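Trainee: Predicted model and sequence follow; I will ask about them next.
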Amino acid sequence: MNKSIEASLSEDYTHPVRDVLWGHIYMTEKQALLTETSAFMRLNRIMQLGPVYLVYPGATHTRASHSIGVYHLGRRLLQNLAERGAASWLTHAGVKSFLAACLLHDLGHFPYTHSLKELSLSSHESLTGAIMLKEPMKSLVQATGADPDLAAAIVDKDISGSCTELHFYRKLLSGALDPDKLDYLNRDARYCGVPYGAQDVDFILSKLYPDRERGVDIDSRLIPNVESILFSKYLMYRTVYWHRQVRAATAMVKKALINGLESAKISGEDLYDLDDMSLFTLLEQKACSSGNLLESIRQNRIYATAAEYSPDQIDIDAIRKIGNRAHFEEKLASKLRFEGLEISGDDIIIDIPEPVSFETGLYVRDEECNFNCSSSAFNIETVNAFVKTLYTIRIFINQKYKETLKTFLKSCSILNL
């Protein structure tokens, strides 16, 4: 390995962080200072999985612990790739910038998992890039040996850059075998107490080959591990991330946010730089009509599932846009009132999952083809079947109507709205 690159990845990493998943994680003292900033400390107040703790009580781990885990796996990934030839195009500043990007990649993440993802707000990647380029973070990033502009551009693809390493680092941080996914699948499974997410990280990292354009390549020995990641992600979505109670709680927060935004009691700018607790405080203070929703979440009185539909059962184009759903919720409530049930639009939530992808963009060297054309059982049709199985449209209703509504759902469907 190039001596200067070896030093960039091994010297002065003397600051230990004890992690429940990876054991001792070592940073340089300058890198450790990044975790002491107010921007990073906010991540300690954002649970990685938002309302999942309502179903899996152990799921109280934070965005901060995940970010440190991504940094750790990012460093191990670079060490292995450097030994296999990547050192010939890596630079000291590039290596340090990638590690900073790994550690800080979630700085702009919204609270309460993905409750805010569908709203018309800046992406968390662009917010992260902006934070990294502001003082004092910019100077602290630079002090680690990184280039703040490069580090920000690795996270935020809307930032252009001339560095020849930029494309390579972006591929490493966001791909089929990226350190983000390897950490969150393992970490989320550990804290939820389920076996689905556990991956053989040591073997995976030992069998990756660097490519300047594609990031990493694999050979056929790693195909089972990639299949494991794909199936684990599917199972984690099916049993954890998109569990119906988790979707209901997330949908309740979304409804509270939409109510506040449409009534102009809150603005989009109010929603930046919040943590889980301050999001609830903001909604309680400025969006009074949302108080019942928030109190129901606190008391674990999550809305019940009234109906479920697969994508081929319903034309969802009209209700796909989250801002339109209140109209259809009120329309459904009106229909139910006509049938004799006193219910309001606030007691009904139509939930449509956001898009989910299963990344298979890997090149299999010894088979000389892309992963989805390889000897793997996970071809394009299989992956598409995963997505279709996960994608369930639901109607949630206030718990107090749970039993009564069963009588009316047979004659009242959103299919006829």
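Mentor: Alright, I've got the coordinates.
Trainee: residue ranges for the helices of the stretch 151-300 of the chain, please.
Mentor: For the stretch 151-300 of the chain, applying DSSP state H, counting those that start in this stretch gives helices covering 166-173, 179-192, 201-206, 223-236, 244-262, 276-286, 291-298.
Trainee: State the mean pLDDT of the fifth one.
Mentor: Taken as a whole, helix 244-262 has a mean pLDDT of 89.
Trainee: tilt between that helix and helix 291-298?
Mentor: Relative orientation of helix 244-262 versus helix 291-298 (axes from the mean of the first three to the mean of the last three CA atoms, to 10 degrees): 150 degrees.
Trainee: Could you check helix 244-262 and say which residues are buried?
Mentor: Residues of helix 244-262 classed as buried: 244-261 (neighbour count, 16 or more other CB atoms under 10 Å). (C-beta placed from N, C-alpha, C; glycine too.)
Trainee: Next: the first one.
Mentor: By neighbour count on 16+ other CB under 10 Å, the buried set for helix 166-173 is Leu166, Phe168, Tyr169, Arg170, Lys171, Leu172, Leu173.
Trainee: Turn these into JSON lines, columns for pLDDT.
Mentor: Shown next, in JSON lines, are the buried residues of helix 166-173 (pLDDT from 0 to 100):
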{"residue": "Leu166", "pLDDT": "95"}
{"residue": "Phe168", "pLDDT": "96"}
{"residue": "Tyr169", "pLDDT": "97"}
{"residue": "Arg170", "pLDDT": "96"}
{"residue": "Lys171", "pLDDT": "95"}
{"residue": "Leu172", "pLDDT": "96"}
{"residue": "Leu173", "pLDDT": "96"}
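Trainee: As JSON lines, those with distance to Phe386 would be great.
Mentor: Converted to JSON lines, the buried residues of helix 166-173 look like this (distance: CB to CB, whole Å):
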{"residue": "Leu166", "distance to Phe386": "31"}
{"residue": "Phe168", "distance to Phe386": "29"}
{"residue": "Tyr169", "distance to Phe386": "28"}
{"residue": "Arg170", "distance to Phe386": "25"}
{"residue": "Lys171", "distance to Phe386": "23"}
{"residue": "Leu172", "distance to Phe386": "24"}
{"residue": "Leu173", "distance to Phe386": "23"}
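Trainee: okay if I get the helices of the stretch 151-300 of the chain as TSV plus distance to Ser122?
Mentor: Shown next, in TSV, are those (distance: least, CB to CB, whole Å):
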stretch	distance to Ser122
helix 166-173	19
helix 179-192	20
helix 201-206	32
helix 223-236	26
helix 244-262	15
helix 276-286	16
helix 291-298	24
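Trainee: Is Ile154 in contact with Phe168, as I believe?
Mentor: No: counting by CB atoms under 8 Å, Ile154 stays clear of Phe168, with 9.6 Å between them.
Trainee: Any stretches of the protein with poor pLDDT?
Mentor: Within the chain, the stretches with pLDDT under 70 are 1, 3, 113-115, 287-291, 406-417.
Trainee: can you pull the contacts of Ile302?
Mentor: Ile302 makes contact with Leu54, Gln245, Ala248, Ala249, Met252, Ser296, Gln399 under the criterion CB atoms under 8 Å, 6 or more residues apart in numbering.
Trainee: Which residue is the nearest non-sequential neighbour of the fourth one?
Mentor: Spelled out, that is Ala249. Distance criterion CB to CB, 6 or more residues apart in numbering; nearest residue to Ala249, sequence neighbours excluded, is Pro51 at 3.6 Å.
Trainee: And that neighbour, how close does it get to Arg301?
Mentor: 13 Å (CB to CB, to the nearest Å).
Trainee: Over to Arg238?
Mentor: Remark: distance between Arg238 and Arg301 (CB to CB) = 24 Å.
Trainee: And Tyr391, by the same measure?
Mentor: Distance, Tyr391 to Arg301, by CB to CB: 27 Å.
Trainee: Settle it for me: which of the two has more neighbours?
Mentor: Using other CB atoms under 10 Å as the criterion, Tyr391 and Arg301 rank with Tyr391 on top: 19 against 15.
Trainee: Go ahead and confirm the more buried one touches Pro311.
Mentor: Yes: counting by CB under 8 Å, Tyr391 does reach Pro311; the two are 5.4 Å apart.
Trainee: which ones are touching Leu116?
Mentor: Here Leu116 is in contact with Phe110, Lys254, Leu257, Leu271 (CB under 8 Å, 6+ apart).
Trainee: again, only this time at 10 Å
Mentor: By CB atoms under 10 Å, 6 or more residues apart in numbering, the residues touching Leu116 are His109, Phe110, His124, Thr250, Val253, Lys254, Leu257, Gly268, Leu271, Tyr272, Leu274, Leu279.
Trainee: want to throw those residues into JSON lines with distance to Ser160?
Mentor: Listed next are the contacts of Leu116 as JSON lines, based on distance: CB to CB, whole Å:
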{"residue": "His109", "distance to Ser160": "23"}
{"residue": "Phe110", "distance to Ser160": "25"}
{"residue": "His124", "distance to Ser160": "19"}
{"residue": "Thr250", "distance to Ser160": "34"}
{"residue": "Val253", "distance to Ser160": "35"}
{"residue": "Lys254", "distance to Ser160": "33"}
{"residue": "Leu257", "distance to Ser160": "32"}
{"residue": "Gly268", "distance to Ser160": "25"}
{"residue": "Leu271", "distance to Ser160": "27"}
{"residue": "Tyr272", "distance to Ser160": "23"}
{"residue": "Leu274", "distance to Ser160": "29"}
{"residue": "Leu279", "distance to Ser160": "32"}
